[in-house]
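Asker: Sequence first, predicted model second:
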Amino acid sequence: MAASRGSCYLGFDFSTQQLKVVAIHEDLNLIHQNNVQFDSELKEFRTQGGVHIHADGLTVTSPVLMWVKALDMILDKMKAAGFDFSCVRALSGSGQQHGSVYWKKEACQVLSRLDPEKPLHKLLQGQFAVEDSPIWMDSSTSAQCSNLEKAVGCAQTLADITGSRAYERFTGNQVAKIHQSKPDVYSETERISLVSSFAASIFLGDHAPVDYSDGSGMNLMDIFSKQWSLPCLQATAPGLQAKLGAPVPSTAVLGDVSSYFVKRYGFPMDCKVVAFTGDNPGSLAGMRLQEGDVAVSLGTSDTVFLWIKEPNPTIEGHIFCNPVDCQSYMALICFKNGSLTRERIRNACAGGSWDVFSRSLRSTPVGNHGSLGIYFDAMEITPPAVGIYRFNKEDQTVEGFSGEEEIRALVEGQFLAKRVHAEKLGYKIIPGTRVLATGGASSNVDILQVLSDVFNAPVYTIDVANSACLGCAYRALHGLVAEAGVAFQEAVRNAPEPQLAVTPTPGAEKVYESLLRRYAVLEEKILRETKQ
Ligand SMILES: Nc1ncnc2c1ncn2[C@@H]1O[C@H](COP(=O)(O)OP(=O)(O)O)[C@@H](O)[C@H]1O
Ligand SMILES: O=C(CO)[C@@H](O)[C@H](O)COP(=O)(O)O
């Protein structure tokens, strides 16, 4: 589809399973979307769900060249579809959070002189000191986490500085592991990027800085001063500050797009690259979240996030700098067992069909006759526990459920967990609360109905499946006027409003009131048993 006359803005999202892009016209309407699925379109990298799970079951990586090749492919697909790159005034993007990329010495030189006759994956081959990037699903850095917490005092002290206690997937702990296990590789590294700033670097033809919002997911940045925390850097690895570069506001214009993209695809020479950020911050922008709303992202991971003014970091959940307003913050809780667990149960109980999965949700009652399930296929993040637990209405452990019961138990259990943990962080569902849903599973209205019932609030969605991409296209547009003091909300005030998808089923509130209490007690019990 060709861009209509006038300027347009691009937003990319390097997420776990795919690379996606959207283009919006200057009137904020969508004019193009495209994507590249890693497993099916880049088979040579042999990923499952975009990742490699290593033999220890804890280490999880993705090949960095797969992301580079996906970028070649998506730009070629856009070109083949007749997309007019000469209209792009600015671009931005997002990446799965926490993942890290290790550029070899001299990579910066290579980035600045890319030959437009060749694809990026050929030009950047050999430029990475670590070919398999650690990503957010990794949980192999417990030793580094406890070392970091001890170095600054305790878990709460680290949260008070960086917005989060130490988490295995957070970048600083991944960097510490690489420094300890492969010191040569660490010293060969000239720059460490997040997935987001790595992607921005390619567009910029130079090492791009980390933005405040995605930088908050590293256990390295002081979220109040918005500078690297020296005690955290020192406890992580030597010479780290120089390898990270200084963080910048998420609205920063980093520079003009590299001449590679001008010559190969026809971007204008003055097309601006606006700082890339994390996919959850990107979604906050795409959904135009307001204070009081709760966002639920149902992607590979499930996340719940909120816009907050006065952050109060605790040892559960995370506080990130807000990607569209430097004075504000966002609170986020991440659940690792999201879509991949729903897919496993769909395959086991619904013959691999989302339609059959949905039919089961429709044919089973709110509350599942008291049958409750907790499904942590992989070591969960919130809470840190693993295993499958099924309970009957008397809270006795049972071996199995019928297929239909299992499907409802899974979806109810996942949403009960989200509400229990959001409320633990002090969030209150009040009359007027809107739940904004996004991510792949938000296209399933029967899943959204359970979400609405458990949260006792209306659920809204936006037309564009990928809110992170859309949010980054909005951020690209806003980046051009942010320095002049124009607020994000003002820059995107004419964008389409989220649409009401479902409202709570009458009577559901009462059923879930008691199930929420039961869920909290059962989860506590599992956690106690895990720790023994
Ligand atoms: N109709 C559906 N019902 C439930 N889940 C779905 C449906 N369609 C897609 N999904 C889920 O969406 C997931 C991908 O979500 P997405 O937000 O694109 O992921 P990511 O951004 O992490 O790559 C898939 O793993 C799939 O399980
Ligand atoms: O670890 C987190 C957030 O803290 C994850 O939410 C990642 O950002 C991955 O995102 P998806 O690919 O699942 O959208």
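Answerer: Right, received. Where do you want to start? Ligands and ions are numbered 1, 2, ... in the order given.
Asker: and the top helix by length along the chain, which residues are buried?
Answerer: Using DSSP state H to define each element, the chain has its longest helix at helix 508-531. Buried positions in helix 508-531, judged by neighbour count with 16 or more other CB atoms under 10 Å: 508-509, 511-512, 515-516, 518-520, 522-523, 526. All C-beta atoms are positioned from the backbone trio N, CA, C, and that covers glycine.
Asker: How about the secondary structure of residue 71?
Answerer: Following DSSP: H, G, I helix; E, B strand; the rest coil, residue 71 is assigned to helix.
Asker: Does it touch residue 120 like I think?
Answerer: Yes - under the criterion of CB atoms under 8 Å, residue 71 makes contact with residue 120 at 5.9 Å.
Asker: helices or strands up against the longest helix of the chain?
Answerer: strand 372-376, strand 387-391, helix 403-424, helix 445-455 (3 or more CB pairs under 8 Å, 6 or more residues apart in numbering; DSSP states H and E).
Asker: can I get the CA coordinates of that helix in PDB?
Answerer: In PDB, the C-alpha atoms belonging to helix 508-531 read as follows (Å, rounded to 0.1, in the frame of the first residue of the first chain):
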ATOM      1  CA  ALA A 508     -19.600 -12.000  38.100                       C
ATOM      2  CA  GLU A 509     -18.300  -9.500  40.700                       C
ATOM      3  CA  LYS A 510     -19.700 -11.500  43.600                       C
ATOM      4  CA  VAL A 511     -18.200 -14.800  42.300                       C
ATOM      5  CA  TYR A 512     -14.800 -13.300  41.800                       C
ATOM      6  CA  GLU A 513     -14.700 -11.500  45.100                       C
ATOM      7  CA  SER A 514     -14.300 -14.800  47.000                       C
ATOM      8  CA  LEU A 515     -12.200 -16.300  44.200                       C
ATOM      9  CA  LEU A 516      -9.700 -13.400  44.500                       C
ATOM     10  CA  ARG A 517      -9.200 -14.200  48.200                       C
ATOM     11  CA  ARG A 518      -8.900 -17.900  47.500                       C
ATOM     12  CA  TYR A 519      -6.400 -17.300  44.700                       C
ATOM     13  CA  ALA A 520      -4.200 -15.100  46.900                       C
ATOM     14  CA  VAL A 521      -4.100 -17.700  49.700                       C
ATOM     15  CA  LEU A 522      -3.400 -20.600  47.400                       C
ATOM     16  CA  GLU A 523      -0.600 -18.700  45.600                       C
ATOM     17  CA  GLU A 524       1.000 -17.800  49.000                       C
ATOM     18  CA  LYS A 525       0.900 -21.500  49.900                       C
ATOM     19  CA  ILE A 526       2.600 -22.500  46.700                       C
ATOM     20  CA  LEU A 527       5.200 -19.900  47.200                       C
ATOM     21  CA  ARG A 528       5.900 -21.100  50.700                       C
ATOM     22  CA  GLU A 529       6.300 -24.700  49.500                       C
ATOM     23  CA  THR A 530       8.600 -23.600  46.700                       C
ATOM     24  CA  LYS A 531      10.900 -21.800  49.100                       C
END
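Asker: about what we covered before: list the residues that are in contact with both of residue 71 and residue 120.
Answerer: By CB atoms under 8 Å, 6 or more residues apart in numbering, residue 71 and residue 120 have these common neighbours: residue 202.
Asker: how close does residue 243 sit to ligand 2?
Answerer: 22 Å (CB to the nearest ligand atom, to the nearest Å).
Asker: Could you pull up the residues touching that residue?
Answerer: Residue 243 neighbours (CB under 8 Å, 6+ apart): 189-192.
Asker: Next: residue 337.
Answerer: Here residue 337 is in contact with 302, 375-378, 380, 414 (criterion: CB under 8 Å, 6+ apart).
Asker: Make a PyMOL selection of the buried ones in these.
Answerer: The following PyMOL line selects those of the contacts of residue 337 that are buried, judged by 16+ other CB under 10 Å:
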select buried, resi 302+375+376+378+380+414
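Asker: Show me which pair in the contacts of residue 337 is furthest apart.
Answerer: 378 and 414 (13.9 Å; CB to CB).
Asker: follow-up on the earlier one: touching the longest helix of the chain from outside, list them.
Answerer: 366-367, 372, 374, 383-387, 389, 391, 395, 412-413, 416-417, 419-420, 453-454, 456.
Asker: Buried by neighbour count, from the residues you listed: which ones?
Answerer: Applying 16+ other CB under 10 Å to the contacts of helix 508-531 flags 366-367, 372, 374, 383-385, 389, 391, 412-413, 416-417, 419-420, 453-454, 456 as buried.
Asker: re earlier: relative to ligand 2, which of the helices and strands packed on helix 508-531 is closest?
Answerer: Among these, helix 403-424 comes nearest to ligand 2, with 13.1 Å by CB to the nearest ligand atom.
Asker: That closest one and ligand 2 in contact?
Answerer: No - with CB under 6 Å from any ligand atom as the criterion, ligand 2 is not reached by helix 403-424; the gap is at least 13.1 Å.
Asker: quick check, distance from the following helix or strand past that helix to the centre of its chain.
Answerer: Using DSSP states H and E, the helix or strand that follows helix 403-424 towards the C-terminus is strand 435-438. Strand 435-438 has its C-alpha centroid displaced from the chain centroid by 14 Å (CA atoms, centre = their mean, to the nearest Å).
Asker: cool, stretch 270-286 as well?
Answerer: Using CA atoms, centre = their mean, the offset of stretch 270-286 from its chain centre is 12 Å.
Asker: What are the buried residues along it?
Answerer: 271-286.
Asker: Would you point out the most distant pair within these?
Answerer: Pairwise over the buried residues of stretch 270-286, using CB to CB, the maximum falls at 271 and 280, 26.0 Å.
Asker: So what touches stretch 176-189?
Answerer: So stretch 176-189 is contacted by 102-105, 129-130, 134, 140-141, 144, 147-148, 175, 235-238, 243 (CB under 8 Å, 6+ apart).
Asker: Start and end of that stretch, how far apart?
Answerer: 13 Å (CA to CA, to the nearest Å).
Asker: Looking at it now, give me its mean pLDDT.
Answerer: In this model, stretch 176-189 has an average pLDDT of 98.
Asker: and that stretch, which residues are buried?
Answerer: 176-179, 186, 189.
Asker: Distance to ligand 2 and secondary structure for those - can I get that in CSV?
Answerer: Converted to CSV, the buried residues of stretch 176-189 look like this (distance: CB to the nearest ligand atom, whole Å; DSSP: H, G, I helix; E, B strand; the rest coil):
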residue, distance to ligand 2, secondary structure
176, 18, helix
177, 17, helix
178, 18, helix
179, 22, helix
186, 23, helix
189, 22, strand
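Asker: Looking at these, which is nearest residue 223?
Answerer: Closest approach to residue 223 among those (CB to CB): residue 176, at 19.6 Å.
Asker: Check the gap between that closest one and residue 247 for me.
Answerer: Distance, residue 176 to residue 247, using CB to CB, to the nearest Å: 19 Å.
Asker: Same question for residue 411.
Answerer: From residue 411 across to residue 247, the span is 38 Å (CB to CB).
Asker: ok, now residue 222?
Answerer: 10 Å.
Asker: One more: residue 470?
Answerer: Taken as CB to CB, the span from residue 470 to residue 247 is 24 Å.
Asker: Which residue of these two possesses the greater neighbour count?
Answerer: Neighbour totals were compared for residue 470 and residue 247, and residue 470 leads with 31 against 25 (other CB atoms under 10 Å).
Asker: In three-state terms, how would the more buried one be classified?
Answerer: helix.
Asker: Alright, I will stop here.
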